[in-house]
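K.L.:
Have a look; sequence and predicted model below, questions after that.
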Amino acid sequence: MAYRASLSQPERLDILGPEGAVTRGADQEWYPDRWQRLAGCGPTAASVIFAYVSRTHPELSPLCPEDVTGREAFTALMGRVWEYVTPVFHGLNKPELMVEGMAAYARSVGVELSPALFPVPAARTKR
């Protein structure tokens, strides 16, 4: 089944943190490990995407079956996703690493994704 990407319900990105503070989306600073905090932008973004699509498309709920509206639960999701969307020495320096990692995580929870990369010409005048 093909989906059209949209962000029509941004409130579904809200995460409740300490003392009732709400953030829209996650922060790689929540990772416990220093390397994860430095290089964790890709796995954090993938976690946000998985949480959002699982909330807006019930058939994709295995991507994030638990309630991750709290920071502690969301950080646990980030840790699981890190195992598949894992930065290398220079982070996720190739879009293929992100795509392949996200697809592998999805397969691990029984969801088949068909991610695609959009080609972007190197020459700015051809973009």
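P.N.:
Done, it's in. Numbering: from 1, shown residues only.
K.L.:
hey, let's count contacts and neighbours off CA atoms from now on
P.N.:
Noted.
K.L.:
which residues of this structure score low on pLDDT?
P.N.:
1-5 (pLDDT under 70).
K.L.:
Which residues in the lengthiest helix in the chain does the neighbour count mark as buried?
P.N.:
Longest helix in the chain, counting residues (DSSP state H): helix 41-56. For helix 41-56, the neighbour count (16 or more other Cα atoms under 10 Å) marks 41-55 as buried.
K.L.:
Name the surrounding residues that touch that helix.
P.N.:
For helix 41-56, contacts defined as Cα atoms under 8 Å, 6 or more residues apart in numbering pick out 12-13, 25-28, 60-65, 68, 77-78, 81-82, 85-87, 91-92, 98, 102.
K.L.:
now do 6 Å
P.N.:
With contact meaning Cα atoms under 6 Å, 6 or more residues apart in numbering, helix 41-56 is reached by 28, 60, 61, 63, 64, 78, 82, 85.
K.L.:
Among the buried residues of helix 41-56, which pair sits farthest apart?
P.N.:
Across the buried residues of helix 41-56, no pair lies farther apart than 41 and 55, at 21.3 Å, counting by Cα to Cα.
K.L.:
now the helices for the chain?
P.N.:
Applying DSSP H to the chain gives helices spanning 34-39, 41-56, 71-82, 95-108.
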